[in-house]
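S.K.: Need coordinates for the below:
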Amino acid sequence: MSFAAVVLSVTLFATPAMAHDTLPDPGRLPGSFLYPLKMWVEDVGDWFTFGETRTLNRLLDRSSLRLAELRALIDAEESESAQSVEQAYEDVWQEFWSRLDNTEDSVPFAEQATRLSIEHRHAVGSMWEDVDSKMRVYILNGEIRAVRLLLEKNSEEGELMLKEVLIDRIRTFPQTTPDDILALDPLVGLLRTRGEKNVIVLMMDILPAFEDVPASDDRDRIEQHVFRTIRGDLTRYVSASPDDGVVLVRDLLEWALHRVEQSAQRADDVRILKDLGELSVVLGITEESSQGLLSPSAYPAAESLKNILTSISSRLEALPRTGHEAMVNDQRMRIEGVSRILEGSKVREDLARTIPPELLKLFPDLPWKIPAVRSGGIHVPLKDKNKMNDPLDNNLFDFKQPSSLSNLEETLKSRLAPMLPAPGRPTPKMGEDPSVRLQELLKEKSGTLAPSPIDLKTQGMPKVR
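M.R.: Prediction:
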């Protein structure tokens, strides 16, 4: 064949590019006497393809052509030929990945490969059950491989592609399974190494994808997995970055409440129950996250969240009557409970000012070791149980009452005074637990030990590290 004939053949038989939402015309199929000629022309085209960029693009186009052939063969019920094309499809991708690993600028091609893999999964569509399970896994793993490369090379593009893949796999239930979505968890973990906020924002962005998915156990399983991921990362993030963390808590609450408001306006009874259930989950996340706002330094963020919760409660109160007022009131009571917990940061800020500076300098976490906040008040059980009139045991100090705060100040000063350095008294060591010293002092004075330091966790408060 002359050179001109070769060029003409390449022009006539070259692999067509794939449209955004369709596969190319497969042309001649395996079994046709012209199919070997078609494959020979592809090889000739490879000889005249120069440069890594053109080669990679040609391989991507060829993968689409192989998939188009596969779909045509399955429609024609030619299973034997279909198996050979499945192998050819995998071979094309193997060559693509091998070349991409040695390409300096691999990000654009990884992005193309991700979107093409998604399109291939959609194109398989109705024949998903007829495709060899190995090939299904290959298509799904192709998405993961491309996104991982993007995350490693370009975190911003990788995050966008990961979100796109997650949302698409959720929306294509039941073609995809919960395991197909959970298989992306290692990529979420890779994103987490760049900051928990990235994961929180990603998970919040994919929550709306569940709205169009029919109710099922699989759907609920994945949605709860997303909420658990948000809970863990948001709890840690609020402790580390209170102000920014509260903004994320607000956005999550707004999302959940907006869904409840929409359902109530439509008087959709089934949807109202579902959305109230999701709001309950979000309030649980808020409760847990609020524990990171109880230190005096987090007081501004705690006040901000209290104001947000007040607004949320007011909007719940203003909902149209739906017949589910008991559930709505329950949510409002939970919000009030979180607001009371948040008062703990203000309580400890006030308490820190009552402790002598010398002692606070030695024990900066002393306000955490003494009080346990309960119902908006404070209880300091450092006493002999036999002394029933001890105000630290029998009074619940309400910091809204100045007299109560003054009473606590006097009580604390009298209790803490023996711990201050003085002639003939050992100087406390840095980091020493003051409650242990107080135990020893009480034993010297009364001959009995005071009760063990309170476990804040059993009183509804987290232990502070």
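S.K.: Every contact and neighbour count from this point should use C-alpha atoms.
M.R.: Noted.
S.K.: quick one: terminal-to-terminal distance for stretch 191-210?
M.R.: 22 Å (C-alpha to C-alpha, to the nearest Å).
S.K.: what's next to that stretch, contact-wise?
M.R.: The contact list for stretch 191-210, computed with C-alpha atoms under 8 Å, 6 or more residues apart in numbering, reads 151, 155, 159, 163, 166-167, 170-171, 188, 219, 223, 226-227, 229-230, 233-234, 236-237, 252.
S.K.: Which of those residues fall within helices?
M.R.: Members of the contacts of stretch 191-210 lying in helices (criterion: DSSP state H): 151, 155, 159, 163, 166-167, 170-171, 188, 219, 223, 226-227, 229-230, 233-234, 236-237, 252.
S.K.: those helices in the stretch 251-400 of the chain, which residues are they?
M.R.: 269-290, 299-317, 325-354, 357-362, 366-369, 391-394 (DSSP state H, counting those that start in this stretch).
S.K.: What of the stretch 1-150 of the chain?
M.R.: Applying DSSP H, counting those that start in this stretch to the stretch 1-150 of the chain gives helices spanning 3-13, 35-47, 52-75, 79-100, 107-124, 133-153.
S.K.: so which of those helices gets nearest residue 242?
M.R.: Residue 242 lies closest, by C-alpha to C-alpha, to one member of the helices of the stretch 1-150 of the chain: helix 133-153, at 27.2 Å.
S.K.: and that closest one, C-alpha only, in CSV?
M.R.: Taking Å, rounded to 0.1, in the frame of the first residue of the first chain, the C-alpha atoms of helix 133-153 are listed here in CSV:
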residue,chain,number,x,y,z
SER,A,133,-17.5,-8.6,37.1
LYS,A,134,-13.8,-8.1,36.6
MET,A,135,-14.5,-5.3,34.0
ARG,A,136,-17.0,-3.6,36.4
VAL,A,137,-14.3,-3.5,39.0
TYR,A,138,-11.9,-2.3,36.5
ILE,A,139,-14.1,0.7,35.5
LEU,A,140,-14.7,1.6,39.1
ASN,A,141,-11.1,1.3,40.1
GLY,A,142,-10.2,3.4,37.1
GLU,A,143,-12.1,6.3,38.6
ILE,A,144,-10.3,5.8,41.9
ARG,A,145,-6.9,5.6,40.3
ALA,A,146,-7.4,8.8,38.4
VAL,A,147,-8.8,10.7,41.4
ARG,A,148,-5.9,9.5,43.6
LEU,A,149,-3.4,10.8,41.1
LEU,A,150,-5.2,14.2,41.0
LEU,A,151,-5.2,14.4,44.8
GLU,A,152,-1.5,13.6,44.9
LYS,A,153,-0.6,16.1,42.1
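S.K.: got the buried residues for that helix?
M.R.: By 16 or more other C-alpha atoms under 10 Å, the buried positions in helix 133-153 come out as 135-136, 138-151.
S.K.: Repeat that for stretch 308-320.
M.R.: Of all the residues in stretch 308-320, those buried under the rule 16+ other C-alpha under 10 Å are 308-310, 312-313, 316.
S.K.: Can you tell me what sits against it?
M.R.: Contact with stretch 308-320 is made by 250, 253-254, 257, 261, 264-265, 328-329, 332, 335-336, 339, as judged by C-alpha under 8 Å, 6+ apart.
S.K.: how far away is the nearest residue to residue 271 once chain neighbours are set aside from residue 93?
M.R.: Nearest non-adjacent residue to residue 271, counting by C-alpha to C-alpha, 6 or more residues apart in numbering: residue 263, 5.9 Å away. The gap separating residue 263 from residue 93 is 46 Å, by C-alpha to C-alpha.
S.K.: same question, residue 192
M.R.: Noted for residue 192: a distance of 29 Å to residue 93, by C-alpha to C-alpha.
S.K.: What of residue 174?
M.R.: Remark: distance between residue 174 and residue 93 (C-alpha to C-alpha) = 26 Å.
S.K.: Between these two, tell me which one has more neighbours.
M.R.: Neighbour totals were compared for residue 174 and residue 93, and residue 93 leads with 20 against 14 (other C-alpha atoms under 10 Å).
S.K.: check contacts around that one.
M.R.: 59-60, 63.
S.K.: Over to residue 63?
M.R.: Neighbouring residues of residue 63 by C-alpha under 8 Å, 6+ apart: 89, 92-93.
S.K.: Closest to residue 297 out of those?
M.R.: The closest of the contacts of residue 63, once distances to residue 297 are taken by C-alpha to C-alpha, is residue 93, at 54.4 Å.
S.K.: so what pLDDT did the closest one get?
M.R.: You'll see residue 93 listed with a pLDDT of 84.
S.K.: who does the helix or strand where residue 221 lies touch, helix- and strand-wise?
M.R.: Using DSSP states H and E, residue 221 sits within helix 217-240. Counting contacts by 3 or more C-alpha pairs under 8 Å, 6 or more residues apart in numbering; DSSP states H and E, helix 217-240 is packed against helix 178-182, helix 196-206, helix 242-266, helix 269-290.
S.K.: so which of these gets nearest residue 106?
M.R.: Residue 106 lies closest, by C-alpha to C-alpha, to one member of the helices and strands packed on helix 217-240: helix 196-206, at 23.1 Å.
S.K.: hmm, back to that, want to try TSV for the contacts of stretch 308-320, with distance to residue 84, neighbour count and pLDDT as columns?
M.R.: Formatted as TSV, these follow (distance: C-alpha to C-alpha, whole Å; neighbours: other C-alpha atoms under 10 Å; pLDDT from 0 to 100):
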residue	distance to residue 84	neighbour count	pLDDT
250	54	17	94
253	53	19	93
254	53	16	94
257	53	21	91
261	55	19	89
264	56	20	86
265	56	14	85
328	60	21	86
329	63	14	88
332	62	21	89
335	61	21	89
336	65	16	87
339	65	23	85
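S.K.: of all these, which two lie farthest apart?
M.R.: By the measure C-alpha to C-alpha, 265 and 339 form the most distant pair in the contacts of stretch 308-320, at 27.5 Å.
S.K.: Could you check how far residue 166 is from residue 223?
M.R.: Residue 166 is 12 Å from residue 223, by C-alpha to C-alpha.
S.K.: about what we covered before: put together JSON lines for the helices of the stretch 1-150 of the chain, with distance to residue 297 on each row.
M.R.: Formatted as JSON lines, the helices of the stretch 1-150 of the chain follow (distance: least, C-alpha to C-alpha, whole Å):
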{"stretch": "helix 3-13", "distance to residue 297": "71"}
{"stretch": "helix 35-47", "distance to residue 297": "66"}
{"stretch": "helix 52-75", "distance to residue 297": "55"}
{"stretch": "helix 79-100", "distance to residue 297": "50"}
{"stretch": "helix 107-124", "distance to residue 297": "43"}
{"stretch": "helix 133-153", "distance to residue 297": "35"}
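S.K.: Comparing these, which yields the minimum mean pLDDT?
M.R.: Note on those: helix 3-13 shows the lowest mean pLDDT, a mean of 40.
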